[in-house]
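J.: My questions are about this predicted structure, shown below with the sequence.
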Amino acid sequence: MSSVPASVTRLIEALSELPGIGPKTASRLTYFLLRGQSDLPLRLAESLRDLKERTRFCSVCHTITEQDPCPICSDPHRDHALLCVVEEPLDVLAIERTEQYLGVYHVLHGALSPMEGIFAENLRIPDLLRRVREGGVQEVILATNPTSEGDYTAAYLLSKLGPLNVRVTRLGRGLPMGGDLEYADQVTLASALERRQEL
Amino acid sequence: MHIRSLSLENFRNYVRLEQELPDRAVLLCGSNAQGKTSLLEAVYYLATSGSPLSANDRQLINWTAKKEGMAHIRLRAEVVQREQVREISIVLLLEPDTQGRQRLKRRVLIDQAPRKRRDLAGELNVVLFLPQDVELVTGSPAGRRRYLDDTLSQIDARYSAAQGTYTNALRQRNALLRHLAEQGGDPGQLEPLDGQLARSGVAISLARRRLINALSQHAHRTHGELSGGKEWLQMVYQPNFDLTRPPGIVCQTSFQESPGPPQGISDQDLVAAFRQQLRERRREEVERGMTLSGPHRDEMRFMIEKMDLGVYGSRGQQRTAVLALKIAQLAWMKQETGTSPVLLLDEVLAELDQHRREFLLAQVDQVEQALLTATDLEMFSPSFRQRATLLWVEKGLIQPYER
Ligand SMILES: [Zn+2]
């Protein structure tokens, strides 16, 4: 048997750890990188290193950022009394793309799902409640995904935010049920923000 | 309604089948294990988006297809209802989930447009009768609940939706209760789930009560006829959360079995009463790590006078009760939808005596379409065989039967 160089096996193994990528796809990707003439492997290596070394989570809103607090949290022109709660950092990007939202964010890093072992204490929920309790926030927009987990999380947050003297709204319907915010088109998302409803 | 054509891909014995079906009676003949029952199973799957025979959909994938890495199933039927043709199809596809695990995903399409599972309601209605259905009387309560769910979901999209919500909320809630018992955490996380459970649970329980009352009335008549007026069958709903006597709601006592909740009590009152019960038992539920009240613990019993057929009935009595139940289901579906469901009979004649056999075959003549399987054609009268379309099933292929 021919022995495959360790650097090749190591990359195949690492790629197979990614979600949705099996050993077959991992090998295909590895040999693609190996054969190519471009500097793609080097660019990839550099971005991966930067990803790990230069990005972190914002200590205020928990989105991904290269500076802490993130540019959104440290922007004095944004409305810090308006707080939009989303599941993932990518949801922040989706809402930013609409160019309609001028408030700030809070990223939960997931949605409640006991079946998958995700409980309130595993999300940035205690931190959200602390942020609101500290004052200054007038409205919280619950922009979790329109899935059963997203709705569950929103209902739970409402029960916790209710007594805190803050206006709580939910993104307007019209987002496809069961979908992810991340994939909603800009117009739909902008109109969902526009038509948010008091809970 | 009737199925005009059926096509199956990689389902059980069938690698690929394109079959046109006439209305009226279709007799599927052939030896055992050739694909007769699988054909009925596929039709049932299209009607209910679940197999009556296997809880694990992966077992439905054709063995050769699986071996060759073709891990998908496609079921499709053209259904004629009130002179309109609709195409329903269900595709099962192995796909990696967010964690990268291979999961069998189900896609429902109606006239080629992606739809939800509940949208199947009313598109294809069936009454299935299998030899092992006697277990509906003798077997576990879970089988009876599944029967009630499948029957209601077939015609009522709202029931189907409530059932989906309930199942999901129940799973989440049980996982949360276990977590609270083992590691602690905020019990407030139960509240939204309690709300979902109560709202969908009340809808489920109300619908089941109406269904069982209706089936019981129909079956009572049929069973009386079948037994020559000697025995009178009754089906009794034993709900875990009794909406006719909601706790905390004082109502006038009545000695009669009431068909529904007390007068003047709204659905919201019932939901509130259900939530109250969940709150009262919360400590016990956290201790045991599971949800203790709700329709997932409902029961239905088959009774003759004061005798419970599931426990004390003879095999013959139990079979007659199931026959009466299925005929009742047929009548109920027709009454609710205004169209006759497709009757699917799998080798059931062998289990019945001459009198009951004739009774059942008389039903076949009443519906627009019936698919029957048989290893032994002698079970059917010559005139019935003459009226029916005969098809020969062998190794997942179907041909006209050479008379
Ligand atoms: Zn930030």
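T.: Done, it's in. Residues are numbered from 1 along each chain as shown, chains lettered A, B, ... in the order given.
J.: And the residue nearest the centre of chain A?
T.: The residue lying closest to the centre of chain A (C-alpha atoms, centre = their mean) is A:E88, at 1.6 Å.
J.: these two touch, right, that residue and A:V107?
T.: Yes. In this structure A:E88 lies within contact range of A:V107 using C-beta atoms under 8 Å: 6.7 Å. Any C-beta I mention is one placed from the backbone N, CA and C, and that applies to glycine too.
J.: Need the residues touching each of these two.
T.: Here A:E88 and A:V107 have no joint contacts, going by C-beta atoms under 8 Å, 6 or more residues apart in numbering or on different chains.
J.: low-scoring stretches of the stretch 1-150 of chain B, by residue?
T.: B:70, B:97-100 (pLDDT under 70).
J.: repeat that for 90
T.: Counting by pLDDT under 90, the stretch 1-150 of chain B contains low-confidence residues at B:32-33, B:55, B:58, B:63-72, B:94-104.
J.: Report all helices and strands that the lengthiest strand in chain B contacts.
T.: What stands out as the longest strand in chain B, according to DSSP state E, is strand B:84-96. When contacts are defined as 3 or more C-beta pairs under 8 Å, 6 or more residues apart in numbering or on different chains; DSSP states H and E, strand B:84-96 packs onto helix B:36-48, strand B:72-81, strand B:102-110.
J.: And the longest helix along chain B, what does it pack against?
T.: Taking DSSP state H as the criterion, chain B has its longest helix at helix B:190-226. Packed against helix B:190-226 by the contact rule (3+ C-beta pairs under 8 Å, 6+ apart) you find helix A:148-161, helix B:141-155, helix B:157-183, strand B:233-238, helix B:267-280, helix B:315-337, helix B:354-364.
J.: deepest of the helices and strands packed on strand B:84-96, which one?
T.: Most buried of these by mean neighbour count (mean count of other C-beta atoms under 10 Å in any protein chain shown) is helix B:36-48; its value is a mean of 24.
J.: what comes up buried for the following helix or strand past that helix?
T.: Remark: after helix B:36-48, the chain's next helix or strand is helix B:63-67, criterion DSSP states H and E. In terms of neighbour count (16 or more other C-beta atoms under 10 Å in any protein chain shown), helix B:63-67 has its buried residues at B:A65.
J.: Name all residues that make contact with A:H80.
T.: A:G103, A:V104, A:G136, A:V137 are the contacts of A:H80 under C-beta under 8 Å, 6+ apart.
J.: if we go to 10 Å?
T.: If you count contacts by C-beta atoms under 10 Å, 6 or more residues apart in numbering or on different chains, A:H80 has them with A:V60, A:I72, A:C73, A:G103, A:V104, A:G136, A:V137, A:Q138.
J.: and if you look at B:A77?
T.: B:3-8, B:19, B:21, B:42-43, B:45-47, B:86-90, B:123-124, B:342.
J.: do B:R199 as well
T.: B:R199 sits next to B:A162, B:T165, B:Y166, B:A169, B:D267, B:Q268, B:L270, B:V271, B:F274, B:R275 when contact means C-beta under 10 Å, 6+ apart.
J.: What is the neighbour count of the fifth one?
T.: Right, the one you point to is B:D267. 13 (other C-beta atoms under 10 Å in any protein chain shown).
J.: and if you look at the last one?
T.: Burial of B:R275, expressed as a neighbour count using other C-beta under 10 Å, amounts to 18.
J.: List the buried residues of the lengthiest strand in chain A.
T.: Under DSSP E, the strand in chain A containing the largest number of residues is strand A:79-86. Within strand A:79-86, the residues that qualify as buried are A:L82, A:L83, A:C84, A:V85, A:V86, counting by 16+ other C-beta under 10 Å.
J.: Name the nearest residue to the residue of the stretch 151-300 of chain B found nearest the ion, ignoring sequence neighbours.
T.: Among the residues of the stretch 151-300 of chain B, B:D186 lies closest to the ion, at 25.1 Å counting by C-beta to the ion. In this structure, B:D186 finds its nearest non-sequential neighbour in A:A120, 5.3 Å apart by C-beta to C-beta, 6 or more residues apart in numbering or on different chains.
J.: Out of the helices and strands packed on strand B:84-96, which is closest to B:N13?
T.: Judged by C-beta to C-beta, the one of those that comes nearest to B:N13 is helix B:36-48, at 5.5 Å.
J.: Redo the helices and strands packed on helix B:190-226 as JSON lines? Include distance to the ion.
T.: Below are those laid out as JSON lines (distance: least, C-beta to the ion, whole Å):
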{"stretch": "helix A:148-161", "distance to the ion": "19"}
{"stretch": "helix B:141-155", "distance to the ion": "46"}
{"stretch": "helix B:157-183", "distance to the ion": "30"}
{"stretch": "strand B:233-238", "distance to the ion": "55"}
{"stretch": "helix B:267-280", "distance to the ion": "38"}
{"stretch": "helix B:315-337", "distance to the ion": "56"}
{"stretch": "helix B:354-364", "distance to the ion": "68"}
